[in-house]
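Q: Build the 3D model from these lines:
(chains A, B, C and D)
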Number of protein chains: 4
Amino acid sequence: MNSIEIVDRASLTQGLYRELKLDPRQTAIVAIDMHRGHLDMEVATMPAQPEDARRVIANARAALDFAREAGVPVIHVILVYRRIPGLGSEGMVSPFWRALHAAMGEKDRLTPGRNSTVCEHNIEGTPGTEIIPELRRDTDYVIDNKKRLDCFYGTDLRALLDTLGVKNVVLMGINTNTCVLNTAFTAFNFDYRVVVLSDCVASMYGDDLHVLGLQNVARCLGWVITNGQFYEKIRDGAAAVT
Amino acid sequence: MNSIEIVDRASLTQGLYRELKLDPRQTAIVAIDMHRGHLDMEVATMPAQPEDARRVIANARAALDFAREAGVPVIHVILVYRRIPGLGSEGMVSPFWRALHAAMGEKDRLTPGRNSTVCEHNIEGTPGTEIIPELRRDTDYVIDNKKRLDCFYGTDLRALLDTLGVKNVVLMGINTNTCVLNTAFTAFNFDYRVVVLSDCVASMYGDDLHVLGLQNVARCLGWVITNGQFYEKIRDGAAAVT
Amino acid sequence: MNSIEIVDRASLTQGLYRELKLDPRQTAIVAIDMHRGHLDMEVATMPAQPEDARRVIANARAALDFAREAGVPVIHVILVYRRIPGLGSEGMVSPFWRALHAAMGEKDRLTPGRNSTVCEHNIEGTPGTEIIPELRRDTDYVIDNKKRLDCFYGTDLRALLDTLGVKNVVLMGINTNTCVLNTAFTAFNFDYRVVVLSDCVASMYGDDLHVLGLQNVARCLGWVITNGQFYEKIRDGAAAVT
Amino acid sequence: MNSIEIVDRASLTQGLYRELKLDPRQTAIVAIDMHRGHLDMEVATMPAQPEDARRVIANARAALDFAREAGVPVIHVILVYRRIPGLGSEGMVSPFWRALHAAMGEKDRLTPGRNSTVCEHNIEGTPGTEIIPELRRDTDYVIDNKKRLDCFYGTDLRALLDTLGVKNVVLMGINTNTCVLNTAFTAFNFDYRVVVLSDCVASMYGDDLHVLGLQNVARCLGWVITNGQFYEKIRDGAAAVT
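A: Model prediction:
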């Protein structure tokens, strides 16, 4: 198969958009793996496409600044791996990632057309684990013990969201079709309202999976909106409160 | 956007296929939502496409018969909802599904071009909750308290897999891009080897999202194989034991 | 050591009691393992002491009838084990229970002075898995896939509580120091208000551990109250609403 | 009630002791809340009894040195709380701890006869969150995002144990009847072999709950052994390997 027709669900998503309400007091942004290991081409071990990195950083900066201003908390969740004696990165117990390294040729990386490595990715203490500085403020919350694709797995994200009184989880980050989508699934399963900011996500796995990741959220489990739509919904939500 | 080019990763997936080994003693099939609520057009409240239903039932029957013969356990996981006074289906606390029902016009269903309803889907005691009889044997295991998209969430699936000594989780069922994909994510996160049987899955949400689900698994977290490839891998795995 | 002095914390628990408010609309009873496998001496494989069984059944019946009348939902959670080929009860993968069976002499049971068996306990389809009939009504909720000590582990209890809007979890059942205490810990960790009904719990492991369970809850994580105190708090909570 | 008779189960626990095998390659120590917030009277906000602190630190140091020498990994798990605007410590969403602070008189602390505070306990950046220096080595693993009583809840402890190939979880730390006991329950539920080192645990809640916590583990879910017995079992386990 070479190309695939996207089913037109505009009527469905427009109807859902009208139903979306975002009270800023019940909303948080979860920024996923916005670290140099994906986004800074100097040090990235699992790099996004450079133009995606630029786009996502610029748009995320705008959305995060808006959110903080509106009183919406920002939670960064990033993957960091310990180095374990006799194993290497603790990620290397994953059967898929082990198979990938065993099979790996020059062109057989997770990142089509670009070099990458799981086993050296985001080891604790390395530069890749640093959150992109312009996306981070001192008042943000940071969860830095994500170990697989789901931001909820093995972390205190759910406890933090509930402590903050959050009902609406707004996702941004890398990659649209893995960590963002997996976190969207779990947030859906936990009965949060799930929003993905399309301007602030990208996939290192290919544009097709980026597009299909967004389609999957918008048609099966949540809302995919632009920065501009996000601002509008938060302003409407704030106005409804007063 | 109307159509999207699928990135060619044949070299990657072929290399990974060579690395795949399936010892039948460490393998189980998880059959997801193979119930009449999706697959029997007479009673389905969230119907797959009829031709998909026929294809999936026929292929799943063959794969399950082969598996049982090879000593591979079969675990059915199905969604069943209680009816709660004052709420209706317990699924109706989901903000997305509530919005969907609020927005719903004639054509704005989760199932493009076909009627469907979340709020009457698979209520306990209704015919939709029955597993397709030809896919079920008395020796199969059944988990019938799935409540959202992930077969692991709120169930004892992980405990059962570990009790059975399973390392390789082979998925089939409905829908490729939701319950199958979400379960694949979680199985990946838990360090199981994840296999999806492409002949035995389908999506009621559209063929594009079916393709997404398979591409996403094959390129990011596991293996997508045909029934024939599954049989070959299990036979090779059995031969390697003796 | 033969006997131990219980630290007097009456001032602490009295102060806490004054703070306890139970709105019936945010309260549920979780009745733990109130099945014949513990409470009916005819068939019990892990029997409570007979006089405890009589006391707990009588008091639980009264508390449950009161709760249903007050609109407080009742959720039964019970342990049921599959029989797995080559293993026996699926409980027998537990290293502690395996060691117990290996070490077991006539007097070395979990139940001091009474016979009992883990490996034949509450196998699906056996009479032990039946909830004591006088404690069950058709409107009660039943979760029958508990596998270890914690009612939340591998079940949809948390999802059900949240669907029902529950903030206050009122526990009763068997055993005070294991399933009740473990469930109290998890409910505390999930930020529910935890109440244990002292008239409706008992331990097959010995009266000392029954007392421990209650002391541990009352001094570290929740409230231990009598049936009479429960009725008073629910009546006060109902009155505060109107 | 003032004093309680401890049921004599020596025959049971002796039989279980004979069954206990500890292969050092499948064993890890989980050291729970061994921080200055419990153990350093200069800064402790929830202090153990001073004599307990001295005993536990000395014995834990010996056991940890032995373990590292034997190749048994050491995992520290400690509670650290964020300070949340408008709430204070993130622990203060707990209904029990809120009630405790509301009810609190001079003598109505969790710690009988000693002052303590939940709301100022182990806020991130404060000295209380520091692990007792003599118990920590650079090669130890540290999990510092525990939020409630269970070391597994909201942390990656289970993933780390499985990555290390651990089957036997050896617990030490504070408090015997809360964090240690709750972690013992969850480790039991996850089918780990659970061992508590009696020389290396204590309770700030009272000696009665310390004793009963140990009785509960030894008679219902695992093994309670001295440092000397631990050394013997590890030596036997190492010898059995070669």
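Q: Might you list the low-confidence residue ranges for chain A?
A: Along chain A, the model assigns pLDDT under 70 to residues A:1.
Q: I'd like the next helix or strand past the longest strand seen in chain A.
A: As far as residue count goes, and with DSSP state E defining each element, the longest strand of chain A is strand A:193-202. Once strand A:193-202 ends, the next helix or strand along the chain (criterion: DSSP states H and E) is helix A:207-220.
Q: does any part of that next one sit near chain B?
A: Yes. Part of helix A:207-220 sits close enough to chain B to count as contact by Cβ under 8 Å from any Cβ of the partner chain, namely A:207-209, A:211-213, A:215-216, A:219-220. C-betas here are computed from N, CA, C, even on glycine.
Q: Out of the residues you listed, which comes closest to residue D:48?
A: Out of the residues of helix A:207-220 next to chain B, the one with the shortest distance to residue D:48 is residue A:213. That distance is 50.0 Å, counting by Cβ to Cβ.
Q: can you count the residues close to that closest one?
A: Using other Cβ atoms under 10 Å in any protein chain shown, residue A:213 has 27 neighbouring residues.
Q: quick one: contacts for it?
A: Contact partners of residue A:213, counting by Cβ atoms under 8 Å, 6 or more residues apart in numbering or on different chains, are A:175-177, A:180-181, A:201, A:203, B:212, B:216.
Q: From residue B:137, how far out is it?
A: Here the criterion is Cβ to Cβ, to the nearest Å. By it, residue A:213 lies 37 Å from residue B:137.
Q: Spit out the contact partners of the closest residue to residue A:142 other than its chain neighbours.
A: In space, and not counting its chain neighbours, residue A:142 is closest to residue A:76: 4.9 Å by Cβ to Cβ, 6 or more residues apart in numbering or on different chains. Residues near residue A:76 by Cβ under 8 Å, 6+ apart: A:31, A:34, A:131, A:135-136, A:140-144.
Q: possible to save these as JSON lines with neighbour count and secondary structure?
A: What follows is the contacts of residue A:76, written out as JSON lines (neighbours: other Cβ atoms under 10 Å in any protein chain shown; DSSP: H, G, I helix; E, B strand; the rest coil):
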{"residue": "A:31", "neighbour count": "31", "secondary structure": "strand"}
{"residue": "A:34", "neighbour count": "25", "secondary structure": "coil"}
{"residue": "A:131", "neighbour count": "18", "secondary structure": "strand"}
{"residue": "A:135", "neighbour count": "23", "secondary structure": "helix"}
{"residue": "A:136", "neighbour count": "17", "secondary structure": "coil"}
{"residue": "A:140", "neighbour count": "17", "secondary structure": "coil"}
{"residue": "A:141", "neighbour count": "21", "secondary structure": "strand"}
{"residue": "A:142", "neighbour count": "14", "secondary structure": "strand"}
{"residue": "A:143", "neighbour count": "20", "secondary structure": "strand"}
{"residue": "A:144", "neighbour count": "16", "secondary structure": "strand"}
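Q: how about those in JSON lines, adding distance to residue B:153?
A: Supplementary listing: the contacts of residue A:76 in JSON lines, determined by distance: Cβ to Cβ, whole Å:
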{"residue": "A:31", "distance to residue B:153": "24"}
{"residue": "A:34", "distance to residue B:153": "26"}
{"residue": "A:131", "distance to residue B:153": "29"}
{"residue": "A:135", "distance to residue B:153": "30"}
{"residue": "A:136", "distance to residue B:153": "31"}
{"residue": "A:140", "distance to residue B:153": "28"}
{"residue": "A:141", "distance to residue B:153": "24"}
{"residue": "A:142", "distance to residue B:153": "26"}
{"residue": "A:143", "distance to residue B:153": "20"}
{"residue": "A:144", "distance to residue B:153": "25"}
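Q: List just the nearest of those to chain B.
A: The shortest approach to chain B among those belongs to residue A:143, at 15.6 Å (Cβ to the nearest Cβ).
Q: quick one: the strands in chain A?
A: If DSSP E is used as the criterion, the strands of chain A fall at A:3-5, A:27-32, A:74-79, A:83-84, A:88-89, A:141-146, A:168-174, A:193-202, A:223-225.
Q: List of residues touching the last one?
A: What it means is strand A:223-225. Residues from elsewhere that reach strand A:223-225 (Cβ under 8 Å, 6+ apart): A:13, A:16-17, A:20, A:193-198, A:214, A:217-218, A:233.
Q: Let me know the closest of those residues to residue D:187.
A: For these, the closest approach to residue D:187 (Cβ to Cβ) belongs to residue A:194, at 32.8 Å.
Q: anything in the longest helix along chain A near chain B?
A: If each helix of chain A is counted by residues according to DSSP state H, the longest one is helix A:50-69. No. Using Cβ under 8 Å from any Cβ, we find that helix A:50-69 stays clear of chain B, coming within 14.2 Å at best.
Q: now swap in stretch A:112-123 and tell me
A: Yes. Residues of stretch A:112-123 contacting chain B under Cβ under 8 Å from any Cβ: residue A:112.
Q: Would you mark the buried spots in that stretch?
A: Residues of stretch A:112-123 classed as buried: A:112, A:116, A:118-123 (neighbour count, 16 or more other Cβ atoms under 10 Å in any protein chain shown).
Q: just stretch A:33-53 next, same as before
A: Of the residues in stretch A:33-53, A:33-40, A:44-49, A:52-53 count as buried by neighbour count, 16+ other Cβ under 10 Å.
Q: Mind checking which of those land in helices?
A: A:36-39, A:52-53.
Q: Of those, which is the nearest to residue C:93?
A: Here the nearest of these to residue C:93, counting by Cβ to Cβ, is residue A:37; it sits at 38.4 Å.
Q: Can you tell me how far the closest one is from chain D?
A: Taking Cβ to the nearest Cβ, to the nearest Å as the measure, residue A:37 and chain D are separated by 18 Å.
Q: Stretch A:162-173 near chain D at all?
A: Yes. With Cβ under 8 Å from any Cβ as the threshold, stretch A:162-173 lies in contact with chain D, specifically through A:162-164.
Q: Can you add distance to chain B and give those residues back as TSV?
A: Rendered in TSV, the data for the residues of stretch A:162-173 next to chain D read as follows (distance: Cβ to the nearest Cβ, whole Å):
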residue	distance to chain B
A:162	15
A:163	20
A:164	17
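Q: now, among these, which is nearest to chain C?
A: When those are compared for distance to chain C (Cβ to the nearest Cβ), residue A:162 wins out at 7.0 Å.
Q: Leaving out chain neighbours, which residue sits closest to the closest one?
A: Counting by Cβ to Cβ, 6+ apart, the nearest residue to residue A:162 once its immediate chain neighbours are dropped is residue C:191, at 7.0 Å.
Q: can you pull the contacts of that neighbour?
A: Residues touching residue C:191, when contacts are defined by Cβ under 8 Å, 6+ apart, comprise A:162, D:93-95.
Q: Are any of the residues of stretch A:162-173 next to chain D buried, and if so which?
A: Buried among the residues of stretch A:162-173 next to chain D (16+ other Cβ under 10 Å): A:163-164.
Q: what sits against residue A:172?
A: Counting by Cβ under 8 Å, 6+ apart, residue A:172 makes contact with A:29-32, A:34, A:56, A:60, A:63, A:180, A:196-197, A:200-201.
Q: Quickly list what it is bridged to.
A: residue A:31 (DSSP bridges).
Q: where's it relative to residue A:211, distance?
A: Using Cβ to Cβ, residue A:172 is found at 17 Å from residue A:211.
Q: now, which of the contacts of residue C:191 sits nearest chain C?
A: For those, the nearest to chain C is residue D:95 (4.3 Å; Cβ to the nearest Cβ).
Q: In contact with that closest one, which residues are there?
A: Listed by Cβ under 8 Å, 6+ apart, the contact partners of residue D:95 are C:167, C:191-193.
Q: Between those residues, which sits nearest residue B:70?
A: Distance to residue B:70 across the contacts of residue D:95 (Cβ to Cβ) is lowest for residue C:192, with 45.2 Å.
Q: quick one, what contacts that closest one?
A: Under the criterion of Cβ under 8 Å, 6+ apart, the contact list for residue C:192 reads C:161, C:166-169, D:95.
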